[in-house]
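> the amino acid sequence is not available; the structure is as follows:
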């Protein structure tokens, strides 16, 4: 593999978590070569990938400007990128606010985020809703209802906090990696990929969330990555 670009990013054309790493790379002006693993062929579990990520999931990065340093888990990657390369603190914060940023990253990972397909899926709410409504061979109404409610609850948490934020962002007065971490699954939900949101008027029911969603998605770096995502679908 050519290392003409600083990072190799193992990801998936649809799976959301790799894409919000790409948002941060673009925001920071860091070059990267995406490697789109084919989940149907099990490429995420193949030795070519597991030699770097023994968990066999995405995303995984290799930083070729730092001794081919390897890191996996999306939120850990975001923290690495800002610690190592965000010298101007464009996407991060200092002092006690950094713990609030950590809080939102952990909430995203545990309460919202998930790998989309069943061969690599994790357990948080959005993915559970998608799994039980779309992929599970047996319809389980109780599970569907539970994860529909939990998905909406997560949106309610975000909406309530954002409604009280003077800046309209999760931490401080600017966009941070905490906001970027939510973009992929937010978009999947708003555009109908997450079945739990079908029939929900997001703009009306979660207005502060929707304003935040629109504002973050309109950022040039984010829009550039989303345009690429759309081209690959």
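Arrived safely. Being a predicted model, the structure only gives us computed values, none of them experimental.

> domain assignment for the chain?
7-85, 97-219 (automatic domain parsing).

> mean pLDDT lowest for which of those domains?
When these are ranked by mean pLDDT, domain 97-219 comes last with a mean of 77.

> so which of the domains of the chain comes closest to residue 232?
domain 7-85 (4.5 Å; Cβ to Cβ). In this view, the C-beta of every residue, glycine as well, is placed from N, C-alpha and C.

> ends of the closest one, what's the gap?
Using Cα to Cα, to the nearest Å, the end-to-end distance of domain 7-85 comes to 12 Å.

> cool, stretch 53-67 as well?
Taking Cα to Cα, the first and last residues of stretch 53-67 lie 17 Å apart.

> tell me which residues in it are buried?
Using 16 or more other Cβ atoms under 10 Å as the test for burial, stretch 53-67 gives 53, 56-64.

> please apply the same query to stretch 28-45.
In stretch 28-45, counting by 16+ other Cβ under 10 Å, buried: 28, 30, 32-37, 39, 43-45.

> for that stretch, measure first residue to last.
Termini of stretch 28-45 sit 30 Å apart (Cα to Cα).

> repeat that for stretch 173-186.
Terminal-residue distance, stretch 173-186 (Cα to Cα): 21 Å.

> distance between it and the chain's centre?
On the basis of Cα atoms, centre = their mean, to the nearest Å, stretch 173-186 sits 8 Å off its chain's mean C-alpha point.

> stretch 205-219 too?
For stretch 205-219 - counting by Cα atoms, centre = their mean - the centre lies 16 Å from the chain centre.

> leaving out the residues flanking it, which one is nearest to residue 107?
Of all residues not flanking residue 107 in the chain, residue 157 sits nearest, at 7.8 Å (Cβ to Cβ, 6 or more residues apart in numbering).

> quick check: that neighbour vs residue 179, distance?
Distance of residue 157 to residue 179, given as Cβ to Cβ, to the nearest Å: 14 Å.

> looking at these two now, which is surrounded by more residues?
In this view residue 157 and residue 179 are compared by other Cβ atoms under 10 Å, and residue 179 has more residues nearby, 27 against 14.

> so where does that one fall, helix or strand?
Assigned by DSSP states H and E, residue 179 belongs to helix 177-180.

> name the residues of whatever helix or strand comes next after that helix that come out as buried.
Moving toward the C-terminus from helix 177-180, the next helix or strand (DSSP H and E) is helix 183-190. For helix 183-190, a neighbour-count test (16+ other Cβ under 10 Å) marks 183-190 as buried.

> contacting residues for residue 211?
The contact partners of residue 211, taken as Cβ atoms under 8 Å, 6 or more residues apart in numbering, are 162, 168.

> ugh, wrong one, residue 8
Residue 8 touches 1, 32-33, 35, 61-62, 64, counting by Cβ under 8 Å, 6+ apart.

> check residue 25 too.
Here residue 25 is in contact with 7, 9, 31-32, 81 (Cβ under 8 Å, 6+ apart).

> now, the most widely separated pair of these?
Longest span within those, Cβ to Cβ: 31 and 81, 12.6 Å.

> how about residue 177, nearest residue that isn't a chain neighbour?
Per Cβ to Cβ, 6+ apart, closest to residue 177 is residue 78, 4.3 Å.

> got it, and residue 3?
Residue 3's closest residue in space is residue 64 (Cβ to Cβ, 6+ apart), at 4.4 Å.

> among the contacts of residue 25, which lie within strands?
For the contacts of residue 25, membership in strands holds for 7, 9, 32, with DSSP state E as the criterion.
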